[in-house]
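> I need the structure of the sequence given here:
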Amino acid sequence: MATGSNAAEMPDHRKRNTFTSYVAPMPGDVRATADTNEWCLPSDLRDVHLAKPRLLPGEQIVASAPAYMYTPIAPMEGTRDNNRDNSMSMSMSISSNGNSSSSSNNRSHGSHKEATFGLLSVTNFKLAFVALHARTTLSNSSTPLASDLYQENTYLGRNEVTLNNIDQIYTIAEQGRAASALQAARTGAGGRRGTHSGRRKKLEPAKQQNIHGRIVALHIICKNFRLLKFAFQQQDSKLSGGASDYGKLIASALARFAYPMRHDLSFAYAYREPYYSVLLGGVSMYASKNDWARELIRCGATEWQVISSSAVPQLQNRLQACKYSLPPHFVIPKCCDVERFLQLSLAFCDSRAAFWVYSYGGSAASLVRLAELQPASQQDTKMENIMLELVRKCDERKQLKLIQLTDQLPSIQDVQRAYQKLRRLCTPETPEKFMLQDDKYLGLLEKTNWLLYVSLCLRHASEAAATLRAGITCVLQESNGRDLCCVISSLTQLLLDPHFRTIDGFQSLIQKEWIALEHPFQRRLGHVGVSGGEREQAPDSEQSPVFLLFLDCVWQLLQQFPDEFEFSQTYLTTLWDACFMPIFDTFQFDSQAQRAAAVNEGRLVLRPVWDWGEQFSDKDKMFFTNPLYQRQRGDLASSQNHRRSLAVAGHSHKLSPAGGVTGAGAGAGAAAAGGAARYTINPQLFATQSSVPQDRYLEPAHRILDLAIWEQCYYRWMPVLDIRGGGQPQVDLFHRLLLSNIAKMQRCIDMQNFEELPDAFYDALGEQRPSQQQQQQRQQQEEPVEYVDGVERRRKSMPGGNAASNGLQVVNGGPLQLSTLSSFFPFGNPIAGDAPHELYDILSSSSELLLDTSSILDKSSIV
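Residues are numbered from 1 along each chain as shown. Now for the predicted structure:
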């Protein structure tokens, strides 16, 4: 019989309760054992099988494991307590083992309250975490359940990220038997000084390294600035019948599927659901010769001609076509024949000779993109001079300005380094690191050089726009003409043309500058990994978020000119997230030739990302519109500048002159099949005058002190920075509330029915709604009567429809408080209670006015 002294001297691993119950628990029995089990789990993970991710057709689960998911930064209130507990546990462990185990339990008990337990799964499409139990809180408060008023993607859940979005994976190995996996997940390499140093190791699949040791935690850094932290429970191999290193299981699956070496290994090839396009007429895909011809007509460019590669015999010859890397359609000077242009293009990088993209003004000054000479031809600039002279002949004044972007703007490697520094600044792993960065935040932000590069792009775009306004042709020259040329050219057209500031126009601009002229999205966004041998031959990676740099520049313009853009910052943030959705082909390829090969050989189903209805509901698409956007009367004169946006409104059908359906779906299909239109538009047969307004240009401030950090995109995954009731979403909501009231008043005026005037109208007059007065009088006359123990009792009448002073409807007996709104809405925490229903009413009512072709401002005589 064991004595008490022997039991006290028993080792810790002998004290564990090894009893296994084979009796199925009652459904919903989640009684925790927080005092004895640091993971606070039901016995034997009995409910993990209930947490399964939702799978798409063609999606398969590769690996699954029970895990805890942590927020990127723990609440700051609990950080000080945890640090104090850690220091106390270190001092107490010196005195006695019993106190050490007690402090460890207390520390673990405080740690698991910040995490959510569930099932972590890796599929061939995404990394999904399905919560098994609700988040543990310190107090059992009776707060209402969170609603779904946040941006909800059809293909991705709130705790799911695509494998394309994963950039870096860090593994945290086990420190010993007594090490706490929960604490490792919270602190990682930045925990107690000297405890976890060197244990946070980056997983590099390109080196094909083996994963050694047990993995107790994973830190996953995404390309959209999201930080995911998971911790795993390690089971005893004697009890589980074998090794159960859940961390190594998930890490191995991610290393295999998150970094494909070929593009045909992407989930897009496995997802073969048919796509029926309903995005028609609004977005020009620039996938046909007629799309470019219409743009020439709109800009009044008469000295340029559209060339289709399929119509050039030299480009159809396999022996000669391999020398060129030209897009399917491009615009060249009319004074130059195709054969001569192709001969000159061989001297330039990627065969990118002078390509027309835009014309402005009465003199039709042109904006031209040009690559640099091949390294072998840089000593002789004869070919370059000949090409520039051909461009000069297309200018009415025979004037030309060449802007060398390579010498004045950062390289793609510089942009990548700035992006990595900015992301490290926006994704601190621990509260201690966050506080350390916060003390010198402005200095660290300056060292990233990100805002410097944004400033340089805006400055050169302003210079190019001023050149075109002066009636001088502007030529943008870059190494390959496919990276920063896209940024400067797109920004220049945004500054000059109000059509490109609408949602449809902006999407058409991206199609023209980035998709049709073939920005290498596959290499720049890292959709395909680089093997070890290729990495040694090319040490400088080609991965660089040039497109994010452009979106940041557009966001800066949106802050300086909030009434000039139809889209909101939520639209821009969503567009950046859409770059990593492999189901949509828009941002997945380097060239149109790759896209056509994927369709013909890999049977890829093309889906343009501009069909937002495939990903989001009507509620979510309402966030894409800017409530401050002011439509000009002249915009209604042209269908190109129409206020209604197909991205947020109901889809309309438009037939082409040939009798076929035009639009995104038709353009995608034409690009895949390479078929020509029934007839080709000849720009010479139409009016030569430009229809672009010349009085709507923008002159932005481009100094660094005039710029700001894009908080919604970069900080939305950091709960510690969320300010309830603060931020730009509060301002947008009040603007939408004002538009909602205007829409209701306009409807009453049009219908001559004033019974549905908004509550704000009666609040301003200090009167009560007539219908409410009649209802109260009717209730007073017919008050319900009940009898209690034979005694007549009259029930207390409920007030009929109170209204808040700010015009918001009553929620749960009181006014809707904007303090429930996240500062990163709609990407922040969900809205609780009945508030989502009231906010949805405001969004839908305001959208009626935004999408209406004739507003109250057009009908009033004061405009």
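> which residues of the stretch 451-600 of the chain score low on pLDDT?
Applying pLDDT under 70 to the stretch 451-600 of the chain flags residues 531-540.
> try 80
Applying pLDDT under 80 to the stretch 451-600 of the chain flags the ranges 530-541.
> mind listing the strands for it?
473-478 (DSSP state E, counting those that start in this stretch).
> how about the helices in it?
484-496, 503-510, 521-524, 532-537, 546-560, 569-578, 592-600 (DSSP state H, counting those that start in this stretch).
> buried deepest among these, which one?
Highest mean neighbour count of the helices of the stretch 451-600 of the chain: helix 484-496, a mean of 27 (counted as mean count of other CB atoms under 10 Å). Backbone N, C-alpha and C define where each C-beta goes, glycine included.
> now residue 64, nearest residue through space, not along the chain?
Nearest residue to residue 64 in three dimensions, chain neighbours excluded: residue 121, at 4.3 Å (CB to CB, 6 or more residues apart in numbering).
> next secondary structure after the helix or strand hosting that neighbour?
Residue 121 belongs to strand 115-123 when elements are defined using DSSP states H and E. Counting by DSSP H and E, the next helix or strand C-terminal to strand 115-123 is strand 126-131.
> for stretch 158-165, which positions count as buried?
Judged by neighbour count using 16 or more other CB atoms under 10 Å, the buried positions of stretch 158-165 are 159, 160, 161, 162, 163, 164, 165.
> hmm, I typed the wrong one, I wanted stretch 428-435.
Buried residues in stretch 428-435, counted by 16+ other CB under 10 Å: 428, 429, 430, 431, 432, 433, 434.
> closest to residue 690 among these?
residue 428 (50.5 Å; CB to CB).
> secondary structure class for the residue nearest to that closest one when sequence neighbours are not counted?
Nearest residue to residue 428, sequence neighbours excluded (CB to CB, 6+ apart): residue 434, at 4.1 Å. Classification of residue 434 by DSSP: H, G, I helix; E, B strand; the rest coil places it in helix.
> let me see the contact set for residue 434.
Counting by CB atoms under 8 Å, 6 or more residues apart in numbering, residue 434 touches 73, 428, 718, 720.
> distance of the first one from residue 172?
Read that as residue 73. Distance, residue 73 to residue 172, by CB to CB, to the nearest Å: 17 Å.
> who's more crowded, the two?
residue 172 (29 against 25; other CB atoms under 10 Å).
> looking at the buried residues of stretch 428-435, which one is closest to residue 479?
Nearest to residue 479 out of the buried residues of stretch 428-435 is residue 428 (CB to CB; 35.1 Å).
> how about the closest one, what does it touch?
By CB under 8 Å, 6+ apart, residue 428 lies in contact with 72, 73, 434, 437.
> ramachandran coordinates for it?
phi -70, psi 140 (degrees, to the nearest 10).
> could we number from 93 for the rest of this?
New numbering, starting at 93: the last item is residue 520.
> any idea of the mean pLDDT for the longest helix along the chain?
Ranked by residue count, the top helix of the chain under DSSP state H comes out as helix 820-843. The pLDDT scores in helix 820-843 average 83.
> re earlier: the residue nearest to residue 156: neighbour count?
Neighbour tally, residue 213, other CB under 10 Å: 23.
> what residues are bridge-paired with it?
Beta-bridge partners recorded for residue 213 (DSSP bridges): residue 156, residue 220.
> quick check: it touching residue 153?
Yes - if you go by CB atoms under 8 Å, residue 213 and residue 153 touch, sitting 5.4 Å apart.
> still on that earlier bit, what's whatever helix or strand comes next after the longest helix of the chain packed up against?
Towards the C-terminus, the helix or strand next in line after helix 820-843, according to DSSP H and E, is helix 851-857. Contact partners of helix 851-857 among helices and strands, from 3 or more CB pairs under 8 Å, 6 or more residues apart in numbering; DSSP states H and E: helix 820-843.
> kindly recompute the last result at 10 Å.
Helix 851-857 sits against helix 820-843, helix 862-873, with contacts defined as 3 or more CB pairs under 10 Å, 6 or more residues apart in numbering; DSSP states H and E.
> in that helix, what counts as buried?
So, applying 16+ other CB under 10 Å, buried residues of helix 851-857: 851, 852, 853, 854, 855.
> and which of those residues is nearest to residue 405?
When the buried residues of helix 851-857 are compared for distance to residue 405 (CB to CB), residue 852 wins out at 68.3 Å.
> read off the pLDDT value for that closest one.
78.
> quick one, what contacts residue 592?
By CB atoms under 10 Å, 6 or more residues apart in numbering, residue 592 lies in contact with 450, 582-586, 598-602, 604-605, 657, 784.
> try 8 Å
So residue 592 contacts 585, 586, 598, 600, 601 (CB under 8 Å, 6+ apart).
> just residue 450 next, same as before
Residues near residue 450 by CB under 8 Å, 6+ apart: 387, 391, 458, 459, 560, 581, 584, 585, 588, 589.
> quickly note the distance from it to residue 601.
Residue 450 is 9 Å from residue 601, by CB to CB.
> what touches both of those two?
residue 585.
> tell me the buried residues in the longest helix of the chain?
In helix 820-843, the ones that count as buried by 16+ other CB under 10 Å are 820-822, 824-826, 828-840.
> same for it, what does it pack against?
For helix 820-843, the packing partners by 3+ CB pairs under 8 Å, 6+ apart come out as helix 851-857, helix 927-943, helix 948-951.
> output it in PDB with nothing but the alpha carbons.
Provided in PDB are the C-alpha atoms of helix 820-843 (Å, rounded to 0.1, in the frame of the first residue of the first chain):
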ATOM      1  CA  GLN A 820     -14.400  55.800 -41.300                       C
ATOM      2  CA  PRO A 821     -17.300  53.300 -41.200                       C
ATOM      3  CA  GLN A 822     -19.100  55.500 -38.800                       C
ATOM      4  CA  VAL A 823     -18.900  58.400 -41.200                       C
ATOM      5  CA  ASP A 824     -20.000  56.300 -44.100                       C
ATOM      6  CA  LEU A 825     -23.000  55.000 -42.100                       C
ATOM      7  CA  PHE A 826     -24.200  58.500 -41.300                       C
ATOM      8  CA  HIS A 827     -23.800  59.400 -45.000                       C
ATOM      9  CA  ARG A 828     -25.800  56.300 -46.000                       C
ATOM     10  CA  LEU A 829     -28.400  57.200 -43.400                       C
ATOM     11  CA  LEU A 830     -28.800  60.600 -45.000                       C
ATOM     12  CA  LEU A 831     -29.100  59.100 -48.400                       C
ATOM     13  CA  SER A 832     -31.700  56.700 -47.100                       C
ATOM     14  CA  ASN A 833     -33.800  59.500 -45.800                       C
ATOM     15  CA  ILE A 834     -33.400  61.400 -49.100                       C
ATOM     16  CA  ALA A 835     -34.500  58.300 -51.000                       C
ATOM     17  CA  LYS A 836     -37.600  57.900 -48.800                       C
ATOM     18  CA  MET A 837     -38.600  61.500 -49.200                       C
ATOM     19  CA  GLN A 838     -38.000  61.400 -53.000                       C
ATOM     20  CA  ARG A 839     -40.300  58.300 -53.200                       C
ATOM     21  CA  CYS A 840     -43.000  60.100 -51.200                       C
ATOM     22  CA  ILE A 841     -42.800  63.200 -53.500                       C
ATOM     23  CA  ASP A 842     -42.900  61.000 -56.600                       C
ATOM     24  CA  MET A 843     -45.900  59.000 -55.300                       C
END
